[in-house]
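>>> Turn this into a structure:
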Amino acid sequence: MREVINPALERNAVVLCDRYVYATFGVFVHRGVDFRFLATINEGIPRPDHAFYLKLPTDELLRRLRERDGDRLKHEERSAERVESITRTYEELGSELVHIDGTTPREGVTAEILRHMKGSLGG
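You can find the predicted model right below:
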């Protein structure tokens, strides 16, 4: 935040992250940390203008993770139950995240993201 994100925002740059504060909620709620505690300690973290959740069936998500990472999967990514525990938190975040069908081809996912961002990108 201090070294990269805040300075970029001060320059009015667009900041893209593949994981951010919401990933903290997903993983740590899965590990048993209280959601309200996480919300409290993350109060000072700026919320993004747009946060997207690419929704996939668990089996497809696991297939893509294995394809990308092979045997180097993180602990939370090694079973359907763990993945579903994390994705359940994303589902429960409701309107905090824009839900996008991750089974759509890349071009469709990109178009949907750009449609949501259009106003903030000056389009």
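>>> which SS state does residue 53 fall under?
strand (DSSP: H, G, I helix; E, B strand; the rest coil).
>>> Would you agree it is in contact with residue 101?
No. Residue 53 lies out of contact with residue 101 (Cβ atoms under 8 Å); the separation is 10.4 Å. Every residue, glycine included, has its C-beta placed from N, CA and C.
>>> so which helix or strand takes in the nearest residue to residue 30 once chain neighbours are set aside?
Spatial nearest neighbour of residue 30, excluding adjacent residues (Cβ to Cβ, 6 or more residues apart in numbering): residue 85 at 4.3 Å. Assigned by DSSP states H and E, residue 85 belongs to helix 80-92.
>>> now that helix: how far from the chain's centre is it?
From the chain centre to the centre of helix 80-92 is a distance of 12 Å (Cα atoms, centre = their mean, to the nearest Å).
>>> Tell me the spacing between residue 8 and residue 14.
8 Å (Cβ to Cβ, to the nearest Å).
>>> Surely residue 80 and residue 57 touch.
No. With contact defined as Cβ under 8 Å, residue 80 does not count as touching residue 57 (10.0 Å).
>>> How about the helix holding residue 85, which residues are buried there?
82-83, 85-87, 89-90 (16 or more other Cβ atoms under 10 Å).
>>> Same list, those residues, but as CSV with pLDDT and distance to residue 63 please.
Formatted as CSV, those follow (pLDDT from 0 to 100; distance: Cβ to Cβ, whole Å):
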residue, pLDDT, distance to residue 63
82, 88, 15
83, 87, 11
85, 88, 18
86, 88, 16
87, 91, 15
89, 90, 21
90, 90, 19
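>>> Just give me the closest of those to residue 96.
For these, the residue nearest residue 96 by Cβ to Cβ is residue 90; the value is 9.0 Å.
>>> wait, what's in contact with that closest one?
22, 26, 53, 97 (Cβ atoms under 8 Å, 6 or more residues apart in numbering).
>>> Residue 27 contacts residue 76, correct?
Yes. Using Cβ under 8 Å, residue 27 is in contact with residue 76, at 6.0 Å.
>>> Quick check on these two: which one has the bigger neighbour count.
For residue 27 versus residue 76, the count of surrounding residues by other Cβ atoms under 10 Å is larger for residue 27: 19 against 14.
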